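Novice: Task: produce atomic coordinates for the following.
(one chain, ligands or ions: 1)
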Amino acid sequence: MFEQLKEQPADKILALMQAYKEDPREDKIDLGVGVYKDAHGNTPIMRAIKAAEKQLWETEETKAYTGLAGDPVFGERMRDLVLGGTVDEATVSAVATPGGTGAVRQGFDMIRMANPDATIHVSDPTWPNHLSILKHMGLPVKPYRYFDSETGGVDFAGMITDIVQARPGDVILLHGCCHNPTGANLSVIEWKHVIEKINEVGAIPMIDLAYQGFGDGLDADAEPTRMVAQSCPETIIAASCSKNFGIYRERTGILMAVSQDPGKKKVTQGTLAYLNRQNFSFPPDHGARLVQMVLSDDDLREDWQSELESVRTGMLELRHQLADELRERSGSDRFGFLAQHRGMFSRIGCGPDKVEALREKHGIYMVGDSRMNIAGLNRTTVPKLAEAIVDVGI
Ligand code: PMP
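Specialist: Sure, this is the predicted structure:
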C-alpha cells in the first residue's frame, strides 16, 4: 500500500533554514522562519511563562485528562483576551486546539460539516498553510485581491470587488492583524467597510489571529476581530498563543465560534468538542495551562504584557530604522511602507531573482516571495540589509 504514496512538496521555509545553516559566511542574516528572535538571534522563553512553569511543576498533582474542550478556564481567559468582553459570553463557543494551526484546521472542519458547498475566500497572498490545508481537505478556495506590490499596501478596491462575489454561506478568511506574509493591514475604517460587504452578501467571516500584541498592542490588534464578532451574525475565530506567549512548541491555540443567537451555543459547542474528539481527542494542556495561569495572575500578567510590549516596540524600531536607512541610501520614499507594516513580516515586493541575489551575494535569507522576518534583524544588521537591497536594485 505504501507504494501508492507520492512524495509531498518540501516545505520551502524549512529548506531555506537548512541552506542558511550550511552557509559558512559569518555575517549571514536569517530573515526566513517565522519565529520571534531577540537582538542576539535567540527565541527566549518569556519570564512569566518560565515563572508559571515553575509554579506548575510545584503544584500540579495529576496529568489525568482535562475535557474535550480543554480546561474551561483557558477558554474563558482567551475569550476575554481576544474579545475583551465586547460580545455576550453566552454567544461564544470555544475549544482548545493544538496551536493556531489546529484551530484553523478545526475551523475548516466545522465549515465542511455545516456547509460542504462553502467556498473559502482567501487573501492573495495568504499564509501558505491555509492553502495547503484547504487543498488537503478538498475544500473549494478562491483568492481575493489583497496586496498591492506597487505601494506595499492593501489593494482595497480590488479586495472589495472580489469579496462581494462571494455567495451566501461562503467563508471569507481574514487575518485579524499583522498579515502574514505581507505585513500590510486594513485600517479600522476599511474593516468597517469589509464587514458591511460581508453582511450584505451573507458570507461568514473567519478570522485567523496569530499575532495579537505584535502589531499595535493587545487591544488594538484585537479590535477588528471584536468589530467583526459584534457586527456579523456568525464569526469563526482561530487564535494562536505561539507568538504572543512565545510557546511555539507547546502547541497552544483556541477555536471560537460566535453566534449572535445564544440558542445555537449548545450545538456549536458540542460540535467543536466532537471535532476535537474525532481528530485528536483531548487537546494538549501544558501550554494552555501556562497561558491560563499568566492571564489569571495579576503579577504574571503584568510582566507578560510588559515583555510582549518590548518585543512589539523593538520590532517597530527596527522597521523605522530600516525605512530611514533605505530612504537615505535610495534617495526615495518608496520603502516607506516598511514602517507602516505591522507584525513580524514585511513583503518587500520584489521578484525571486532579487531574493536570490540577496542570498547569493549578501548572505541574506528571506522567503522566495520576498517576505522577511523583521525580528531576524538587529540595529547592526539593518544598515547591511538596506545596503544590500539597494545594491541588488530592488
Ligand atoms: N496563522 C498564521 C497566519 C500564522 O502565521 C501562523 C504561524 N505561522 C499560524 C496561524 C499558526 O501558528 P501555530 O500553529 O504555530 O500556533
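
Novice: C-alpha only now, for contacts and for neighbours.
Specialist: OK.

Novice: where in this structure is pLDDT low?
Specialist: Judged against pLDDT under 70, the chain has no low-scoring part.

Novice: where does it come near the ligand, residue by residue?
Specialist: Residues of the chain lying near the ligand by C-alpha under 6 Å from any ligand atom: 99-101, 127, 180, 208, 210, 240-242, 248, 253.

Novice: hmm, 5 Å instead?
Specialist: Listed as neighbours of the ligand in the chain under the rule C-alpha under 5 Å from any ligand atom: 99-101, 240, 242.

Novice: Out of those, list just those in helices.
Specialist: 99-101 (DSSP state H).

Novice: wait, which of these is closest to residue 358?
Specialist: residue 101 (30.5 Å; C-alpha to C-alpha).

Novice: and the closest one, what does it touch?
Specialist: Residue 101 makes contacts with 240, 253, as judged by C-alpha atoms under 8 Å, 6 or more residues apart in numbering.

Novice: how near is it to residue 113?
Specialist: To residue 113, residue 101 is 18 Å away according to C-alpha to C-alpha, to the nearest Å.

Novice: Please apply the same query to residue 94.
Specialist: The value you get for residue 94 to residue 113, if C-alpha to C-alpha is used, is 17 Å.

Novice: Of those two, give the one with the bigger neighbour count.
Specialist: residue 94 (27 against 12; other C-alpha atoms under 10 Å).

Novice: C-terminal to the top helix by length along the chain, what's the next element?
Specialist: The longest helix of the chain (DSSP H) is helix 298-330. Following helix 298-330 in sequence order, the next helix or strand is helix 337-340 (DSSP states H and E).

Novice: So what's the residue count around residue 252?
Specialist: Neighbour tally, residue 252, other C-alpha under 10 Å: 30.

Novice: hang on, I meant residue 141
Specialist: 17.

Novice: I figured it hits residue 134, correct?
Specialist: Yes - the criterion here is C-alpha atoms under 8 Å, and residue 141 meets it with residue 134 at 7.2 Å.

Novice: how about the helices in the protein?
Specialist: Under DSSP H, the chain gives helices at 12-22, 47-59, 72-83, 99-114, 128-137, 156-163, 188-201, 218-231, 265-279, 286-296, 298-330, 337-340, 352-362, 381-391.

Novice: Which among those is found nearest to residue 2?
Specialist: helix 128-137 (18.2 Å).

Novice: so the closest one versus helix 99-114, what angle?
Specialist: Comparing the axes of helix 128-137 and helix 99-114 via axes from the mean of the first three to the mean of the last three C-alpha atoms, to 10 degrees yields an angle of 40 degrees.

Novice: Please state the offset of stretch 75-92 from the chain centre?
Specialist: Distance of stretch 75-92 from the chain centroid (C-alpha atoms, centre = their mean, to the nearest Å) equals 19 Å.

Novice: Quick one: end-to-end length of that stretch, please.
Specialist: 10 Å.

Novice: which residues are contacting it?
Specialist: Against stretch 75-92 from outside (C-alpha under 8 Å, 6+ apart): 94-96, 219, 222, 225-226, 229-230, 254, 256-262, 264-265, 292, 295-296.

Novice: One more pass at 7 Å, please.
Specialist: With contact meaning C-alpha atoms under 7 Å, 6 or more residues apart in numbering, stretch 75-92 is reached by 94-96, 222, 226, 230, 256-262, 265, 292, 295.

Novice: Show me how this structure divides into domains.
Specialist: Annotated domains of the chain cover 9-45+301-391, 65-296 [automatic domain parsing].

Novice: between these, which gets nearest to residue 53?
Specialist: Per C-alpha to C-alpha, nearest to residue 53 of those: domain 65-296, 6.6 Å.

Novice: Now do that closest one: distance to the chain's middle.
Specialist: Counting by C-alpha atoms, centre = their mean, domain 65-296 comes out at 9 Å from the chain centroid.

Novice: start to end distance for that domain?
Specialist: Terminal-residue distance, domain 65-296 (C-alpha to C-alpha): 21 Å.

Novice: Would you mind stating the distance between the closest residue to residue 147 other than its chain neighbours and the ligand?
Specialist: Closest residue in space to residue 147, ignoring its immediate chain neighbours: residue 154 at 4.8 Å, by C-alpha to C-alpha, 6 or more residues apart in numbering. Note on residue 154: its distance to the ligand, by C-alpha to the nearest ligand atom, to the nearest Å, is 16 Å.

Novice: which ones are touching residue 154?
Specialist: By C-alpha under 7 Å, 6+ apart, the neighbours of residue 154 are 146-148, 184-186.

Novice: Sort out for me which of those residues are in strands.
Specialist: 147-148 (DSSP state E).

Novice: Buried ones only from the contacts of residue 154, please, as a PyMOL command.
Specialist: In PyMOL syntax, the buried subset of the contacts of residue 154 is picked out as below (16 or more other C-alpha atoms under 10 Å):
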select buried, resi 146+147+148+184+185+186
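
Novice: Any chance of JSON lines for the contacts of residue 154, columns distance to residue 331?
Specialist: Formatted as JSON lines, those follow (distance: C-alpha to C-alpha, whole Å):
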{"residue": "146", "distance to residue 331": "28"}
{"residue": "147", "distance to residue 331": "24"}
{"residue": "148", "distance to residue 331": "22"}
{"residue": "184", "distance to residue 331": "23"}
{"residue": "185", "distance to residue 331": "26"}
{"residue": "186", "distance to residue 331": "28"}
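
Novice: what two of the contacts of residue 154 have the greatest distance between them?
Specialist: Every pair of the contacts of residue 154 checked by C-alpha to C-alpha; the farthest is 148 and 186, at 12.4 Å.

Novice: Residue 162: how many residues sit nearby?
Specialist: 17.

Novice: Check residue 42 too.
Specialist: 11.

Novice: Report the separation between it and the ligand.
Specialist: On the measure of C-alpha to the nearest ligand atom, residue 42 and the ligand end up 17 Å apart.

Novice: Out of the helices of the chain, flag the one nearest residue 176.
Specialist: Between the helices of the chain, helix 218-231 lies closest to residue 176; by C-alpha to C-alpha that is 5.8 Å.
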